[in-house]
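A.B. asks: Here is the input, now give the coordinates:
(chains A and B)
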Amino acid sequence: MAYTHTIGARRYSFPDLKTVMAKATPERSGDRLAGLAAESAEERVAARMLLAELPLKTFLTEALIPYEADEVTRLIVDSHDAAAFAPVAHLTVGDFRNWLLSDAADSATLAALAPGLTPEMAAAVSKLMRNQDLILAAKKCRVVTAFRNTLGLPGRLAVRLQPNHPTDDARGIAASMLDGLLYGAGDAVIGINPASDNLSAIADLLRLMDSVRERFAIPTQSCVLTHVTNALELIGRGAPVDLVFQSVAGTEQANAGFGVSLALLDEAHQAALALKRGTLGDNVLYFETGQGSALSANAHWGVDQQTCEARAYAVARRFRPLLVNTVVGFIGPEYLYDGKQIIRAGLEDHFCGKLLGLPMGCDICYTNHAEADQDDMDTLLTLLAAAGVNFIISVPGADDIMLNYQSTSFHDALYVRELLGLKRAPEFEAWLESMRITAGDGRLLPPSGELPLLGLFPEAA
Amino acid sequence: MSAQRFPYDVKLLVTVDPWAELAKHTAARIALGRCGGSLPTAETLRFALSHAQARDAVHSPLDTVQLAAGLAEAGFSTVTVASAARDRTEYLQRPDYGRRLASPSHVRLVAAADKGADVVLVIGDGLSSRAIARHALPFVLELRPLLEHAGLTLGPLVLATQARVALGDEVGELLHARFVVMLIGERPGLSSPDSMGLYLTHAPRVGRMDAERNCISNVRPEGLPYRAAAHKLAWLLDAAGKLGATGVGLKDESDSARLATAGEGRLGG
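C.D. replies: Numbers count the residues shown, from 1 in each chain, chains lettered A, B, ... in the order given. Coordinates of the predicted model:
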């Protein structure tokens, strides 16, 4: 079915729904690269006006990617909760935006609605929202998860401590890990991106993190971000796997490019659950996503990159993950060109993920060939913290020496806590105080040679 | 914590971390100290300098005239070409343009083609012109005797601007090369603004996939030194010649250094 919208004397015509969605998307280099972007600023607004008038229900009857050809579409359609959708079933996309910003859409209502929304509905409404709308509506969504601590509570912000090292050197990783803990980071997860795919090297990293966690009774979880098949093998070998990690995307074909399917993720989920390592909860998965991954795998079906990204959240939510984060600026300027595009994408991803019921975090980051710098990261960090992001990524000094990109630093997390009064996960906050790292108000204490944690490296004590 | 009297003692403005000793274990930016919870001025500027150098590596144009002169002095003949990306801004947003030759360059290579060499080296700016300006010539000097020893003929060196890895496919195809090796500036990190990558492709032609190449990365004196990289490449050329292919089917069994199939990325984790 063709869609048309007339502005003055000009009639804009779009052959199908996915084209309306793509043309309505705020400017970004990846959609231009894919040949999907609006050709003029007016065409973009025409597509948005058309989108605003479409009933939300349209997305239940008109699949952007065919049901028969894509298991992610099948997952979205087959798991749709019509009863949960009922309260908004009569709304257009434009009405839905108005409703999201109204007092009627409170935290409890939004939580109940989440299973009734599809990723395409979330993506569609986000295209009509300004940055402030994305922030305000996301702030009302509350998603709480637990493993060894509780994440996502109101007024809290957690941090993934990312102590990467280019050769996976144990002392180098331990030094960065200690630095992060002493700066009060690590409640979301201590998560290493390994340089090696070697299973015994990965098992060594898992044992290193687990021994530190046990020795100091740290109420957190650890993860080596390796392929899900490696995690399954390591579980089989008895390695201490807390969380199973995987990168996921929004189409079956893009997931195949990552070497995963829903069935494989199911298997990994069951294996991780069976370990029963969580003490407070059984959210055992960790997913990373990012706009552009489907295009990068040449598996986007003519669907814009932001909608593909929202579809990845349907994959993630099936498995009740502890953590999901978009790696927003990592993919490079051919997908998100500059700070403006990265900031917008970060806010969209966080909003769509939260609206769909995910414990959404963000790796606020950029590469050196993007038109962005640390000032842009400060802006996105501040906006996401205001929007209630569940967690962020932190690396020492914002400089990841293994992956060669810039994220946020332990200091950046302290900045945003100070600015907005955000606390850590309650269990972790109490532990930091018991370790004489922080005072009762969560601020770092003046340094002392008697920090128990320095016992990890006797030479530093 | 304690109230300070005016004038403030500048030494007390920055809280020093007592674990500075641990910095010897990693190049990561640890034990930076803090003012309140924020980064001290000195580290803010040190970081800014690293980022500035990485940005300059991306955006400074490759001086092909100087590089060609250096190569000519060492006895190499060169051809200079450009990709279809007109400038850096377009190059960064349209990797597809960076993989194809601009039409005048295509014409020039058609004219330059003869019966073909075993190996054609393409030297492309990629994402770090600094890497190429610094490492291309000394690396090629290490490689030349190894190729001669292996009895492999070397075609003209092709200097390419606004180049992506796959540009080598079109160049190699036009020059009827058995192998194309792309020397290219890698995406700069804060601690490595000038790292060079080598991509080896057998039977180059437009449309080759990344999985059909082998990659040697981080070529620079502080990473994989020139001589070690040249030996590794020579080993791969020999093995690929016997196998009749490059890419995932060709596993590096030379010594210890790093080799990965091209196209691996973080999201693939």
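A.B. asks: mind checking the SS state of A:Gly357?
C.D. replies: Look at A:Gly357: counting by DSSP: H, G, I helix; E, B strand; the rest coil, its state is coil.
A.B. asks: quick one: the nearest residue to A:Leu136 once chain neighbours are set aside and A:Leu110, what's the gap?
C.D. replies: Nearest residue to A:Leu136, sequence neighbours excluded (Cβ to Cβ, 6 or more residues apart in numbering or on different chains): A:Leu101, at 6.4 Å. Just so you know, the C-beta spots here come from the backbone N, C-alpha and C atoms, and that holds for glycine as well. With distances taken as Cβ to Cβ, to the nearest Å, A:Leu101 is found 12 Å from A:Leu110.
A.B. asks: Over to A:Val189?
C.D. replies: 25 Å.
A.B. asks: residue contacts, the residue in chain A that chain B sits nearest to?
C.D. replies: With Cβ to the nearest Cβ as the measure, A:Gly397 is the residue of chain A nearest to chain B, at 2.6 Å. By Cβ atoms under 8 Å, 6 or more residues apart in numbering or on different chains, the residues touching A:Gly397 are A:409, A:411, B:28-30, B:32, B:39, B:43, B:47.
A.B. asks: could you check whether the longest helix anywhere in chain B is close to chain A?
C.D. replies: Assignment by DSSP state H gives helix B:129-150 as the longest helix of chain B. No. Using Cβ under 8 Å from any Cβ of the partner chain, helix B:129-150 stays clear of chain A, with a minimum separation of 11.8 Å.
A.B. asks: is chain A contacted by the very next helix or strand once past that helix?
C.D. replies: Later in the chain than helix B:129-150, the nearest helix or strand by DSSP states H and E is strand B:157-161. No. Using Cβ under 8 Å from any Cβ, strand B:157-161 stays clear of chain A, coming no nearer than 15.6 Å.
A.B. asks: Any regions of chain A where pLDDT drops low?
C.D. replies: A:1, A:459-461 (pLDDT under 70).
A.B. asks: quick one on the thing from earlier: neighbour count: A:Val189 and A:Leu110, which is higher?
C.D. replies: A:Val189 (30 against 20; other Cβ atoms under 10 Å in any protein chain shown).
A.B. asks: Could I get the full set of helices for the stretch 101-250 of chain A?
C.D. replies: In the stretch 101-250 of chain A, the helices defined using DSSP state H, counting those that start in this stretch lie at A:107-113, A:119-127, A:131-140, A:170-182, A:199-215, A:228-236.
A.B. asks: Of those, which is nearest A:Leu273?
C.D. replies: For A:Leu273, the closest of those is helix A:228-236, at 10.8 Å, according to Cβ to Cβ.
A.B. asks: Can you show me the strands along the chain?
C.D. replies: You didn't say which chain, so I picked chain A. A:3-7, A:10-14, A:145-146, A:150-151, A:158-161, A:189-192, A:222-224, A:244-247, A:285-289, A:323-326, A:360-362, A:391-394, A:399-400, A:405-406 (DSSP state E).
A.B. asks: Chain B is the one I meant
C.D. replies: Going by DSSP E, chain B shows strands at B:78-82, B:119-124, B:157-161, B:179-185, B:196-202, B:213-219, B:260-261.
A.B. asks: What residues of the first one count as buried?
C.D. replies: If I follow you right, that is strand B:78-82. B:78-82 (16 or more other Cβ atoms under 10 Å in any protein chain shown).
A.B. asks: In its sheet, which strands sit next to that strand, and in what direction?
C.D. replies: Sheet pairing of strand B:78-82 (DSSP bridges) gives strand B:157-161 (parallel).
A.B. asks: what angle do the partner strand and strand B:179-185 make?
C.D. replies: Angle, strand B:157-161 to strand B:179-185, by axes from the mean of the first three to the mean of the last three Cα atoms, to 10 degrees: 40 degrees.
A.B. asks: Not counting strand B:157-161 itself, show me its contacts.
C.D. replies: Counting by Cβ under 8 Å, 6+ apart, B:61-62, B:64, B:67-68, B:71, B:76-83, B:109, B:120-125, B:140, B:167, B:171, B:175 sit against strand B:157-161.
A.B. asks: So for it, mean pLDDT?
C.D. replies: Averaged over strand B:157-161, pLDDT sits at 98.
A.B. asks: from the chain's centre, how far out does it sit?
C.D. replies: Its chain's C-alpha centre and that of strand B:157-161 lie 14 Å apart, by Cα atoms, centre = their mean, to the nearest Å.
A.B. asks: Kindly export that strand (C-alpha atoms) in CSV.
C.D. replies: Extracted as CSV, the C-alpha positions of strand B:157-161 are listed here (Å, rounded to 0.1, in the frame of the first residue of the first chain):
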residue,chain,number,x,y,z
LEU,B,157,53.8,0.8,-5.9
VAL,B,158,50.4,2.4,-6.1
LEU,B,159,49.9,5.4,-3.8
ALA,B,160,46.2,5.9,-3.1
THR,B,161,44.4,8.8,-1.3
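A.B. asks: Those residues of the stretch 101-250 of chain B touching chain A, which are they?
C.D. replies: Going by Cβ under 8 Å from any Cβ, the residues of the stretch 101-250 of chain B near chain A are B:127, B:187-193.
A.B. asks: any idea which of the residues you listed has the most stuff around it?
C.D. replies: Going by other Cβ under 10 Å, B:Pro188 tops those with 27 neighbours.
A.B. asks: Tell me the confidence at it?
C.D. replies: pLDDT at B:Pro188 comes out at 93.
A.B. asks: what's near enough to touch it?
C.D. replies: Listed by Cβ under 8 Å, 6+ apart, the contact set of B:Pro188 reads A:368-369, A:404, B:53-54, B:57-58, B:127-128, B:130-131, B:194-195.
A.B. asks: make it 7 Å
C.D. replies: Taking Cβ atoms under 7 Å, 6 or more residues apart in numbering or on different chains, we find B:Pro188 in contact with A:368, B:54, B:57-58, B:127-128.
A.B. asks: go on, B:Gly124?
C.D. replies: Here B:Gly124 is in contact with B:160, B:163, B:167, B:182-184 (Cβ under 7 Å, 6+ apart).
A.B. asks: at 10 Å what do you get?
C.D. replies: B:Gly124 sits next to B:62, B:81, B:83, B:98, B:132, B:136, B:158-165, B:167-168, B:171, B:182-185, B:197, B:199 when contact means Cβ atoms under 10 Å, 6 or more residues apart in numbering or on different chains.
A.B. asks: Chain neighbours aside, what residue packs nearest to A:Val284?
C.D. replies: A:Val284 sits nearest to A:Ala272 (Cβ to Cβ, 6+ apart), 4.0 Å away.
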